[in-house]
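*Asks:* Return a 3D structure for these sequence lines:
(one chain, ligands or ions: 1)
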Amino acid sequence: MNTASQAEHRNLIGGEWTAGIDIAENRNPANTDEVVGLYARGSKAQAAEAIAAARHSFPGWAASGPQARHDLLKTVSDRILERRKELGELLAREEGKTIAESIGEVTRAGQIFDFFAGECLRQTGDILDSVRPGVEVFIQREPVGVIGIITPWNFPIAIPAWKVAPALAYGNCVVLKPADLVPGSAWALAEIIKDAGAPAGVFNLVMGRGSEVGDELVNNPGIDAISFTGSVQTGARIGAACMQHGKKVQLEMGGKNPLVVLDDADLGTAVECAVNGAFYSTGQRCTASSRLIVEMGIHGRFVDALGERTKSLVVGDPLDSETQIGPVVDQRQLDSNLEYVQVGKDEGAELVCGGDRLERNRPGYFMQPALFAGTSNTMRINREEIFGPVATVIEVGDYDEALSVANDTEFGLSAGICTTDLGRATHFRRNAQAGMVMVNLPTAGVDYHVPFGGRKGSSYGPREQGSYAREFFTTVKTTYVKG
Ligand code: UN1
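*Replies:* Prediction:
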């Protein structure tokens, strides 16, 4: 595609499409010769303008009432779902997940807006008697104000949707900064929100770099709260800055999610859970199953079957319906994945299969999914989040050891177990130190109507998604009234 012939996609500030200070090429990781589109990069000053616009619009939006907010979110949902094929193709071309996964993600974004359209009408509150006779107490939820939303590249439309929809539903205004690598899906979402009739300034999009736009969101006093998904390092910095400025903050960061496979597991189920959890979406999910903790009685059969299954995975163009694993998102991530494969070898892990860069008939960041066996939980490949198609097997003697290895990590997002023993499944469900537990299911792949989030180093602040999202996107007011 010829870049010069394409129009630039601009930022949305106070209801106006606004040029940035720079223009970035959004390239297809499955074919780096292909420019998906040109996208504005904004500055600190433009982020500040967007924040000012959001502040200006906040009183009106906060007072707009549940019907207006419901109608906007429902229209956004309908339009996303109508365009799911086209938006799925755009997502696949900018991020690299397969077309089936991409259309699935767009569908999820539409469903999230539908859920939160309903939430606008499902309000909660309490009226209680005071301990002082003749006094009543009202407990109500109010919007927080202007929310800065910073989203990662691995879910270019679902994560913006699951932060923006509740923010708007509960009466807040928004400035969204999508990941610099994948602005296209977020831009399309912004266009849909604007065209659906969002009042100017209620929703703003400022694409660009974290060091410009992200920094301004975190430090500008006009932002009341930050919702962030991304790396542990960036999350820690954002958390500290928010604390200093007194902003409310919600952080979703890394994972090193265990999938325990017990001797009594159904082998086919366990292998499918591992393949899906570890390698789908090219392993680029914070919920990915990166540590496969396998009891000794099933270990040999599991490693053989998983190795065969992993070798058979079709890596290629996300738009080809045969493809099961798309490319890695960019050169930096590919280099880091390949380096971790080397680290694993150097640490003495046995590479069962994969781990090489793959050449295709086009320039892209393709990699053969890698499976390591003979690893111990102290190795770097079992401690650090890789965020690519690299999984490790840790052999254990019994269930108690499996549980203790599963919990021996600084993270605590998702934890899975494959077993046919109800007692063990129940014990794991109650003792896994994770925000989400999956029984006979992959650690990744979550519903949109229930809470999402983790413990320990994975997450900070209230849960996202479902009606639990209310906790972050509202603030409680307690009013005492003497008649
Ligand atoms: C999923 O597993 O369906 O960034 C969602 C991530 C998570 C979302 C995972 N916040 O990978």
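*Asks:* For the residue nearest to the spatial centre of the chain, give its distance to the ligand.
*Replies:* Nearest to the mean C-alpha position of the chain, by C-alpha atoms, centre = their mean, lies Ile159 at 4.9 Å. As judged by C-beta to the nearest ligand atom, to the nearest Å, Ile159 and the ligand stand 6 Å apart. Placement of C-beta: from N, CA and C, glycine included.
*Asks:* Just give the nearest non-adjacent residue to that residue, would you?
*Replies:* Leaving aside its sequence neighbours, Ile159 sits nearest to Thr151 (C-beta to C-beta, 6 or more residues apart in numbering; 4.7 Å).
*Asks:* That neighbour: neighbour count?
*Replies:* 27 (other C-beta atoms under 10 Å).
*Asks:* give the contact list for the residue nearest to the centre of the chain.
*Replies:* Each residue near Ile159 by C-beta atoms under 8 Å, 6 or more residues apart in numbering is listed here: Thr151, Pro152, Thr229.
*Asks:* And Ala288, by the same measure?
*Replies:* Gly255, Asn257, Gly277, Ala278, Ser281, Phe387, Thr443, Ala444.
*Asks:* What segments of the stretch 151-300 of the chain are strands?
*Replies:* Secondary structure of the stretch 151-300 of the chain by DSSP state E, counting those that start in this stretch: the strands cover 173-177, 203-205, 225-229, 248-252, 257-261, 289-295.
*Asks:* residues making contact with the second one?
*Replies:* Contacts of strand 203-205 from elsewhere in the structure, counted by C-beta under 8 Å, 6+ apart, are 11-14, 50-51, 53-54, 164, 168, 173-176, 178, 186-187, 190, 193-194.
*Asks:* what's the spacing between that strand and its chain's center?
*Replies:* In terms of C-alpha atoms, centre = their mean, to the nearest Å, the centre of strand 203-205 is set 19 Å apart from its chain centre.
*Asks:* so after the helix or strand Met438 falls within, what's the next helix or strand?
*Replies:* Met438 is part of strand 436-439, with elements assigned from DSSP states H and E. Next helix or strand after strand 436-439 toward the C-terminus (DSSP H and E): strand 455-456.
*Asks:* Name the strands paired with that following strand and say parallel or antiparallel.
*Replies:* strand 411-412 (antiparallel) (DSSP bridges).
*Asks:* angle of the helix or strand that the strand it pairs with is followed by against strand 257-261?
*Replies:* Note on strand 411-412: by DSSP H and E, the next helix or strand toward the C-terminus is strand 414-418. Strand 414-418 runs at 10 degrees relative to strand 257-261, counting by axes from the mean of the first three to the mean of the last three C-alpha atoms, to 10 degrees.
*Asks:* Neighbouring strands - and their directions - for strand 414-418?
*Replies:* When pairing is defined by DSSP bridges, strand 414-418 lines up against strand 257-261 (parallel), strand 436-439 (parallel).
*Asks:* Single out the most deeply packed of those.
*Replies:* Per residue and on average, the most neighbours among the strands paired with strand 414-418 fall to strand 257-261, with a mean of 29 (mean count of other C-beta atoms under 10 Å).
*Asks:* wait, what's in contact with the closest residue to Phe302 other than its chain neighbours?
*Replies:* Nearest residue to Phe302 in three dimensions, chain neighbours excluded: Val294, at 5.3 Å (C-beta to C-beta, 6+ apart). The contact partners of Val294, by C-beta under 8 Å, 6+ apart, come to Val260, Val261, Phe302, Val303, Val393, Ile394, Glu395, Val396.
*Asks:* Same question for Ala50.
*Replies:* The contact partners of Ala50, by C-beta under 8 Å, 6+ apart, come to Asn11, Ile13, Gly14, Gly42, Val175, Asn204, Leu205, Val206.
*Asks:* at 7 Å instead, please
*Replies:* Each residue near Ala50 by C-beta atoms under 7 Å, 6 or more residues apart in numbering is listed here: Ile13, Val175, Asn204, Val206.
*Asks:* Equivalent analysis for Phe113, please.
*Replies:* Going by C-beta under 7 Å, 6+ apart, Phe113 touches Leu73, Val76, Ser77, Ile80, Ala161, Ala165.
*Asks:* Run a quick neighbour tally on the fourth one.
*Replies:* In terms of burial, Ile80 registers 26 neighbours under the definition other C-beta under 10 Å.
*Asks:* Wait, it touches Ala109, no?
*Replies:* Yes. The criterion here is C-beta atoms under 7 Å, and Ile80 meets it with Ala109 at 5.4 Å.
*Asks:* near the ligand, anything from the longest helix seen in the chain?
*Replies:* In the chain, with assignment by DSSP state H, the single longest helix is helix 99-121. No. Helix 99-121 lies out of reach of the ligand by C-beta under 6 Å from any ligand atom, never closer than 8.0 Å.
*Asks:* quick one on the thing from earlier: mind checking how far the residue nearest to Phe302 is from Ile386?
*Replies:* Remark: distance between Val294 and Ile386 (C-beta to C-beta, to the nearest Å) = 19 Å.
*Asks:* just Ile293 next, same as before
*Replies:* Plainly put, Ile293 is 16 Å away from Ile386 if you go by C-beta to C-beta.
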